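I would like the atomic coordinates for the input below:
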Amino acid sequence: MRRRRAKKRKIPPDMVYGSELVSKFINSLMWDGKKYLAEKIFYNALKLVESKTKKDGLSIFLKAIDNVKPEVEVRPRRVGGATYQVPIEVRPDRQISLAIRWIIHSAREKKGRPMSEKLAEELVLAAEGKGGACKKKEDTHKMAEANRAFAHFKW
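This is a model prediction of the structure:
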């Protein structure tokens, strides 16, 4: 028998923007518990975004997250000895965490520049609907569309 479901932890909002989403992003960006460094990278990236686009950095960040959030994904289901990729709607909290993860991953894949520059570039591209993170979302949606025939296996 399973135990109780884990309680959702409340993340305190960040100091500059007072946003929980920014706080989550910084926590995902952090390596080895070095939060100060993660904050520095993130806020520098937003400054670079502002200087590139001449728009508010936070609004570009929110638009980027919104553009990368996936609506559907595929999950494997075993039915009668065969494994099917079944398309399933993504919960809102998972949508945000996937979007954050994909943006950070595609920024880290770029080589040869400081992380704040790579992150700024990825945020601008994601806000425009381009870049590695948006491609990942499109690939996920294509996969779900291709496996729509197995939607009746979802339960």
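
Pull the contacting residues for the residue nearest the centre of the chain.
By C-alpha atoms, centre = their mean, the mean C-alpha position of the chain lies nearest to residue 99, the distance being 1.6 Å. By C-beta atoms under 8 Å, 6 or more residues apart in numbering, residue 99 lies in contact with 65, 68-70, 133, 137. In this view, the C-beta of every residue, glycine as well, is placed from N, C-alpha and C.

Sketch out the low-pLDDT regions of the protein for me.
Along the chain, segments meeting pLDDT under 70 span 154-155.

can you map out the helices along it?
Taking DSSP state H as the criterion, the chain carries its helices at 20-29, 35-53, 57-68, 92-109, 115-128, 131-146.

Tell me which of the ones you listed sits nearest to residue 7.
helix 92-109 (13.4 Å; C-beta to C-beta).

Hey, what's the angle from that closest one to helix 115-128? Just curious.
Angle of helix 92-109 versus helix 115-128, following axes from the mean of the first three to the mean of the last three C-alpha atoms, to 10 degrees, is 130 degrees.

What is the distance between helix 92-109 and the centre of its chain?
How far helix 92-109 lies from its chain's middle: 2 Å, per C-alpha atoms, centre = their mean, to the nearest Å.

Restricting to C-alpha, output it in PDB.
Extracted C-alpha coordinates of helix 92-109, given in PDB (Å, rounded to 0.1, in the frame of the first residue of the first chain):
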ATOM      1  CA  PRO A  92      -0.400  23.000 -15.500                       C
ATOM      2  CA  ASP A  93       2.400  22.600 -12.900                       C
ATOM      3  CA  ARG A  94       4.200  20.000 -15.200                       C
ATOM      4  CA  GLN A  95       3.800  22.400 -18.200                       C
ATOM      5  CA  ILE A  96       5.700  25.000 -16.300                       C
ATOM      6  CA  SER A  97       8.400  22.700 -15.100                       C
ATOM      7  CA  LEU A  98       8.900  21.200 -18.600                       C
ATOM      8  CA  ALA A  99       9.100  24.700 -20.100                       C
ATOM      9  CA  ILE A 100      11.700  25.800 -17.600                       C
ATOM     10  CA  ARG A 101      13.700  22.600 -18.000                       C
ATOM     11  CA  TRP A 102      13.700  22.800 -21.900                       C
ATOM     12  CA  ILE A 103      14.700  26.500 -21.900                       C
ATOM     13  CA  ILE A 104      17.600  25.900 -19.500                       C
ATOM     14  CA  HIS A 105      18.700  22.800 -21.400                       C
ATOM     15  CA  SER A 106      18.800  24.400 -24.800                       C
ATOM     16  CA  ALA A 107      20.700  27.400 -23.300                       C
ATOM     17  CA  ARG A 108      23.300  25.100 -21.700                       C
ATOM     18  CA  GLU A 109      23.800  23.300 -25.000                       C
END
